[in-house]
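1. Okay, sequence plus prediction incoming.
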Amino acid sequence: MSPSEWTEAEKARFRQDALDLVIPHFASNENLGRGPKIFVRGEGCYVYDLDGKKYFDSFATLLTTVCGHCRPEVTEAVRKQMELLEFFPNYEDAFTVPLVELARKLAQIMPGDLSVSFFVNSGSEANETALKMARQFHVAQGRPHRFKTIARRGSYHATTLGGISVTGLPWFREYFEPLLPGCIFAPAVRDHERPEGMSSEEYAQRCLRELEDLILFEKPETIGAMILDPLPGSNSGYPLPPRGYLPGVRALCDKYGIVLIFDEVQTGFGKTGKWFFCEHEGVVPDIMTIGKGFTGGFIPLGAAVTTPRIAEVFRRGPGSELRSGSTYGGHTVACAATLANLAIIEQENLLDHAAELGEYLSGRLGELREKYPVIGDIRGIGLLWAVVLMADRRTRRPLDPKLGVGSFIREWCYRSGMILRNNGDILVLAPSLIITRDETDMVIDKIDQAIAAAVENFHLG
Ligand SMILES: Cc1ncc(COP(=O)(O)O)c(C=O)c1O
């Protein structure tokens, strides 16, 4: 019997079992207290819950469904692969056809000479792998003392113990310390935090001097890698880097022999209007990590993609191989689904569409900022945007977090049929790349009404 035929008693029982029998990832006991949200069906940018209610998902299913839900092209590719060979591991000396085809595709679309892929199951594993690659790269070349990694405050990289060791957000780390030794944190560098009167370029240079001071203080010969999200994610509201910062980081890593890792798990695959955010800055890392939109949400897959210069070290004969792997990393059907997802991005020209609609969305968000003094910043690029609420825009005084204004707005939107992500008082918009102009207007209208309701409810200025 399908869920649409369940009685109210059966639905209630199901909801209770969800609460009792499952621990959700990053569970929110506060939100669970209002009851679990159970989704049954998806189509385009929409999902339907157990009661058949339809929601527009403005966060693209946790930043994954770049081409929308349930694309028949992907279903067909998966079905064909399931009938032919559902799985063979990418293990020791074995490959499958979709896996090598996907590696070819990545070599074609990734910037610079990023062309050698190590496939995994998630973004977290991709970052774990990148850290291990950098470590083994140095050890293999007689530099075992380069064990330190520079990361940045405010950045999220993974849920695993290695990954949280380089995650600069205390909430993710606090129960698990001590973590990996040698992880050091550079400041988060956000263009909107630059001092008044200072140009973006000047601010970048100041931040680069601080980074070089940190490298010299720690001693360059002890530092193996620097990991950063060139455009930090939804947790910090897509803060753009100051102009010249990323090229400057690249130059410092080259100067001191540090492997540069870019985490584009969240920002890759068209969300910024190009395949990858780093292309906006013309900077190519030594390793790029990918996940989320890579597979379009269809089947889990991630990768750490590196250059021939790094990969060559793992191909120097027996004993030099990269010591990493898992049973399902590079799953055959996941590769087939991902190839179909990337084909849709290309066929439907979704990179240009994201860039164009991003311009439109940014304009509409600007209008909202004119209307509501409670909106401090509008930040983002392409189809990744943050609406940052503040008590006082001029002094940048935040709202009292205890009020829960962001959560009020999220819940208001949910009741009116739209999934909205908030991180405290940062509202995040990251819809699927297939969003239309009419849907964009609908999203803006809902946020407009939700903010109006919050202004009235909390007596905001
Ligand atoms: C920037 C970034 N890196 C890594 C990850 C981890 O990816 P996953 O959740 O697939 O393990 C995330 C997930 O939110 C992310 O946003």
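-> Looks like it came in fine.

2. near the ligand, which residues of the stretch 101-250 of the chain show up?
-> Ser122, Gly123, Ser124, Asn127, Tyr156, His157, Ala158, Thr159, Asp229, Gly233 (C-beta under 6 Å from any ligand atom). The C-beta positions use only the backbone N, C-alpha and C, and glycine is treated the same way.

3. Let me see the contact set for the third one.
-> Applying C-beta atoms under 8 Å, 6 or more residues apart in numbering, we find Ser124 in contact with His157, Ala158, Thr159, Thr160, Gly163, Gly291, Gly302.

4. where do the strands sit along the stretch 151-300 of the chain?
-> Here the stretch 151-300 of the chain has its strands, by DSSP state E, counting those that start in this stretch, at 183-186, 223-228, 259-263, 287-290.

5. What's the local residue count around Leu21?
-> Here the number of neighbours of Leu21 (other C-beta atoms under 10 Å) works out to 7.

6. and if you look at Arg79?
-> Arg79, neighbours per other C-beta under 10 Å, totals 12.

7. quick one: secondary structure of it?
-> Assigned by DSSP: H, G, I helix; E, B strand; the rest coil, the conformation of Arg79 is helix.

8. Most neighbours among the contacts of Ser124, which one is it?
-> Result: His157 is most packed of these (other C-beta under 10 Å), 31 neighbours.

9. hang on, the earlier thing: which one of the residues of the stretch 101-250 of the chain next to the ligand is nearest the ligand?
-> Within these, the smallest distance to the ligand is 2.3 Å, found for Gly123 (C-beta to the nearest ligand atom).

10. Correct me if wrong: the closest one contacts Ala158.
-> Yes: counting by C-beta atoms under 8 Å, Gly123 touches Ala158, with 6.9 Å between them.

11. Turn the strands of the stretch 151-300 of the chain into TSV, columns for mean neighbour count.
-> Below are those laid out as TSV (neighbours: other C-beta atoms under 10 Å):
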stretch	mean neighbour count
strand 183-186	18
strand 223-228	26
strand 259-263	28
strand 287-290	30
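
12. Output the ones you listed as JSON lines; include the columns mean pLDDT.
-> What follows is those, written out as JSON lines (pLDDT from 0 to 100):
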{"stretch": "strand 183-186", "mean pLDDT": "98"}
{"stretch": "strand 223-228", "mean pLDDT": "98"}
{"stretch": "strand 259-263", "mean pLDDT": "98"}
{"stretch": "strand 287-290", "mean pLDDT": "98"}
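
13. Adding distance to Asp445, write these out as CSV.
-> Shown next, in CSV, are these (distance: least, C-beta to C-beta, whole Å):
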stretch, distance to Asp445
strand 183-186, 41
strand 223-228, 36
strand 259-263, 34
strand 287-290, 34
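
14. To Leu106, which of those strands lies closest?
-> Nearest to Leu106 among the strands of the stretch 151-300 of the chain is strand 287-290; the distance by C-beta to C-beta comes to 8.1 Å.

15. who does the helix or strand that that closest one is followed by touch, helix- and strand-wise?
-> Helices and strands here follow DSSP states H and E; after strand 287-290, the next one along the chain is strand 302-306. Here strand 302-306 touches strand 116-120, helix 123-140, strand 287-290, going by 3 or more C-beta pairs under 8 Å, 6 or more residues apart in numbering; DSSP states H and E.

16. among these, which is the most enclosed?
-> Mean neighbour count (mean count of other C-beta atoms under 10 Å) peaks for strand 287-290 among the helices and strands packed on strand 302-306, with a mean of 30.

17. any bit of it sitting next to the ligand?
-> No: using C-beta under 6 Å from any ligand atom, strand 287-290 never reaches the ligand; the gap is at least 6.9 Å.

18. Could I get the CA-only coordinates of that strand as CSV?
-> The C-alpha coordinates for strand 287-290 follow below in CSV (Å, rounded to 0.1, in the frame of the first residue of the first chain):
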residue,chain,number,x,y,z
ILE,A,287,43.5,19.0,-5.3
MET,A,288,39.8,19.8,-5.6
THR,A,289,37.1,18.0,-3.6
ILE,A,290,33.6,17.6,-5.0
